[in-house]
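**Student:** missing the sequence, but the structure's below:
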DNA sequence: AACAGTCTTTGATTCAAATCAATGCAAAGC
DNA sequence: GCTTTGCATTGATTTGAATCAAAGACTGTT
């Protein structure tokens, strides 16, 4: 919840050796464009639980996550929280035409982002169809995810929600780090609850039930998907 | 649920006199581009409850709604349904990079759309930054709406859900047709329930409660927002 | 006007998840 | 080593919305 900035580097260590170069927005840029793009960005790091930007903040920057995990969430006036997404390296965050972000983002564990000021970024992107198409693709992808999540929130049981979350999170990590059924869960139970529209107690009970049923094994800091097929069945059903 | 096509015109009656010309995707096109664009589109009409496209269909077209109202929804294998949005004139539907649509769209009452084949549209848009930026804007707008809806689905009570829906729907109609607190509801109670993650009975009871509390008056085919402020308070809270 | 068919409303009852209330557990600090 | 602190789990109880079950109210048709 704090908002102190922890570390800043000058214009990153170059984009050429950037960990997310190959699959992020910037994948759409050629060598020369990349040079120019590099000048617009700064690497910034945040400590665990620090706020990268808040719901009510003027949206002056875009962010490309380089390392770590973030949560995006919306708060109701009375404090109820809905997490609208978890962010992994390569994800592009903060695209909006609105004056304000409309949701908050904070670090789950230490995080490094590639930050762009909105205006120069806009000017740069303005006449670059490649980049615009790529941004479109990312927006549409997110929209599809958002719609899937609506189905989950509106129409699925607690057990289906948790199973869907675990399978989906595993799949995202597999894409990033290669296949494994060990699923690290850097976020808290409360985060998971607020993502799935449940309470922390229900999440905990559901984890326990899934373990009793031999679907998962609960580990410190994550779970192992013991019976991946059964979890996937719950997620699909 | 049927899928028979009801009427086709040749290349529309021109875009110049199109009802949604001013605020849809095409608002970003100049006079000359518009001419070319016109050639890519066909006006197509659908009868009440006909399916414009289905979840599992190959996504070969984009649609711009000209007249009527559509519902967009996803079905789970066991038949549970989540409506992910209602579509009003000017809304652009079907943007996706995926092979399949991933959600279904059908007409609520008679509907006219402006239909584009995906491939020629893609070729046309490819090098038009204006159009690409406009599409981006629309996608991001929808994403924001989707996130708001996640909060509603995950964290709000039945009464808040219904009030939020009524206020939001009124606001969209106001934008389209000018100010009024008479809110036509062309969709069924079942549709509203599937949009809000409730059952039809709960929606009905909540309408009744809101009427008892003097917030709305239930009319045939809609409601009147009697105490708009109270409804907005419920929606914000 | 009467009928069928489809929605909508209302009532009674059940149930899944929330709430309330401890207890357990592990890392951080003294 | 022993507290403190902040999660996470488990248990007991409540509750908001779902389910089950009729009864009304429209719409369109004959």
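**Tutor:** Yes, it's here. Note that this is a predicted model, so its numbers are computed, not measured.

**Student:** Buried residues of stretch A:170-181, list them for me.
**Tutor:** A:170, A:173 (16 or more other C-beta atoms under 10 Å in any protein chain shown). Any C-beta I mention is one placed from the backbone N, CA and C, and that applies to glycine too.

**Student:** wait, does it make contact with chain B?
**Tutor:** No - Stretch A:170-181 lies apart from chain B when judged by C-beta under 8 Å from any C-beta of the partner chain; the minimum separation is 15.8 Å.

**Student:** who touches that stretch?
**Tutor:** A:88-90, A:183-184, A:224-226, A:228 (C-beta atoms under 8 Å, 6 or more residues apart in numbering or on different chains).

**Student:** ok, and of the residues you listed, which contact DNA strand C?
**Tutor:** Contacts with DNA strand C within the contacts of stretch A:170-181, as defined by C-beta under 7 Å from any atom of the strand: none are present.

**Student:** Nearest the middle, which residue of chain A would you pick?
**Tutor:** residue A:87 (1.1 Å; C-alpha atoms, centre = their mean).

**Student:** still on that earlier bit, narrow the contacts of stretch A:170-181 to just the buried residues.
**Tutor:** Using 16+ other C-beta under 10 Å, the buried members of those are A:88-90, A:183, A:225.

**Student:** Turn these into CSV, columns for distance to residue A:118 and pLDDT.
**Tutor:** Converted to CSV, the buried ones among the contacts of stretch A:170-181 look like this (distance: C-beta to C-beta, whole Å; pLDDT from 0 to 100):
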residue, distance to residue A:118, pLDDT
A:88, 22, 97
A:89, 21, 97
A:90, 20, 96
A:183, 35, 97
A:225, 40, 97
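
**Student:** could you dump the contacts of stretch A:170-181 to CSV with secondary structure and distance to chain B?
**Tutor:** Listed next are the contacts of stretch A:170-181 as CSV, based on DSSP: H, G, I helix; E, B strand; the rest coil; distance: C-beta to the nearest C-beta, whole Å:
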residue, secondary structure, distance to chain B
A:88, coil, 18
A:89, coil, 20
A:90, coil, 17
A:183, strand, 22
A:184, strand, 24
A:224, strand, 27
A:225, strand, 21
A:226, coil, 24
A:228, helix, 19
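
**Student:** and the two most separated of these?
**Tutor:** A:90 and A:226 (28.6 Å; C-beta to C-beta).

**Student:** In chain A, which helix is the longest?
**Tutor:** helix A:129-155 (DSSP state H).

**Student:** Could you list the buried residues of it?
**Tutor:** Neighbour-count burial for helix A:129-155 [16+ other C-beta under 10 Å]: A:129-140, A:142-144, A:146-155.

**Student:** Where does pLDDT dip in chain A?
**Tutor:** Regions of chain A meeting the criterion pLDDT under 70 cover residues A:1-13.

**Student:** Around DNA strand C, which positions in it sit nearby?
**Tutor:** A:157-159, A:197-199, A:201-202, A:220.

**Student:** which of those tops the neighbour count?
**Tutor:** Counting neighbours by other C-beta atoms under 10 Å in any protein chain shown, residue A:197 leads the residues of chain A next to DNA strand C with 23 neighbours.

**Student:** Enumerate every residue touching it.
**Tutor:** A:82, A:153, A:161, B:153-155.

**Student:** doesn't residue A:89 make contact with residue A:65?
**Tutor:** Yes - contact criterion C-beta atoms under 8 Å: residue A:65 and residue A:89 qualify, at 5.3 Å.

**Student:** Would you mind listing what in chain A touches DNA strand D?
**Tutor:** A:188-190, A:200-201, A:203-205, A:207-208, A:218.

**Student:** Recalculate using a threshold of 6 Å.
**Tutor:** A:188-190, A:200-201, A:204-205, A:207-208, A:218 (C-beta under 6 Å from any atom of the strand).

**Student:** what sits against residue A:95?
**Tutor:** By C-beta under 8 Å, 6+ apart, the neighbours of residue A:95 are A:62, A:135, A:138-139, B:136, B:140, B:143.

**Student:** I meant residue A:138, not that one.
**Tutor:** By C-beta under 8 Å, 6+ apart, the neighbours of residue A:138 are A:25, A:92, A:95.

**Student:** ok, now residue A:161?
**Tutor:** A:152-153, A:196-198, A:206.

**Student:** how about 6 Å then?
**Tutor:** Going by C-beta atoms under 6 Å, 6 or more residues apart in numbering or on different chains, residue A:161 touches A:152, A:196.

**Student:** ditto for residue A:133
**Tutor:** No contacts exist for residue A:133 under C-beta under 6 Å, 6+ apart.

**Student:** quick one: it from residue A:25, how far?
**Tutor:** 11 Å (C-beta to C-beta, to the nearest Å).

**Student:** circling back: ok, the contacts of residue A:95 vs residue A:106, which is closest?
**Tutor:** Distances from residue A:106 to these, taken by C-beta to C-beta, are shortest for residue A:62, at 16.5 Å.

**Student:** any idea whether the closest one is helix, strand or coil?
**Tutor:** strand (DSSP: H, G, I helix; E, B strand; the rest coil).

**Student:** and the gap between it and residue A:142?
**Tutor:** From residue A:62 to residue A:142 the distance is 13 Å (C-beta to C-beta).

**Student:** element containing residue A:98, please.
**Tutor:** Under the criterion of DSSP states H and E, residue A:98 resides outside all helices and strands.

**Student:** for the closest residue to residue A:184 other than its chain neighbours, what are its contacts?
**Tutor:** Spatial nearest neighbour of residue A:184, chain neighbours left out: residue A:222 (4.2 Å); criterion: C-beta to C-beta, 6 or more residues apart in numbering or on different chains. The contact partners of residue A:222, taken as C-beta under 6 Å, 6+ apart, are A:183-185.

**Student:** try residue A:57
**Tutor:** For residue A:57, counting by C-beta under 6 Å, 6+ apart, the contacting residues are residue A:101.

**Student:** how far away is it from DNA strand D?
**Tutor:** 24 Å (C-beta to the nearest atom of the strand, to the nearest Å).

**Student:** Now residue A:236: closest residue in space, sequence neighbours ignored.
**Tutor:** residue B:77 (6.7 Å).

**Student:** Next, the residue nearest to the centre of chain A: phi, psi?
**Tutor:** Backbone torsions for residue A:87, taken as degrees, to the nearest 10, come to phi -110, psi 130.

**Student:** Let me see the contact set for the closest residue in space to it that isn't next to it in sequence.
**Tutor:** Nearest non-adjacent residue to residue A:87, counting by C-beta to C-beta, 6+ apart: residue A:70, 4.0 Å away. Applying C-beta under 6 Å, 6+ apart to residue A:70 gives the contacts A:87, A:105, A:107, A:111.

**Student:** tell me which of those residues is nearest to DNA strand D?
**Tutor:** residue A:107 (13.9 Å; C-beta to the nearest atom of the strand).

**Student:** The closest one reaches residue A:46, doesn't it?
**Tutor:** Yes - counting by C-beta atoms under 6 Å, residue A:46 is a contact partner of residue A:107 at 4.4 Å.

**Student:** Which elements pack onto the host helix or strand of residue A:203?
**Tutor:** Using DSSP H and E, residue A:203 maps to helix A:200-212. Contacts defined by 3 or more C-beta pairs under 6 Å, 6 or more residues apart in numbering or on different chains; DSSP states H and E place helix A:200-212 against helix A:158-177, helix A:189-196, strand A:216-219.
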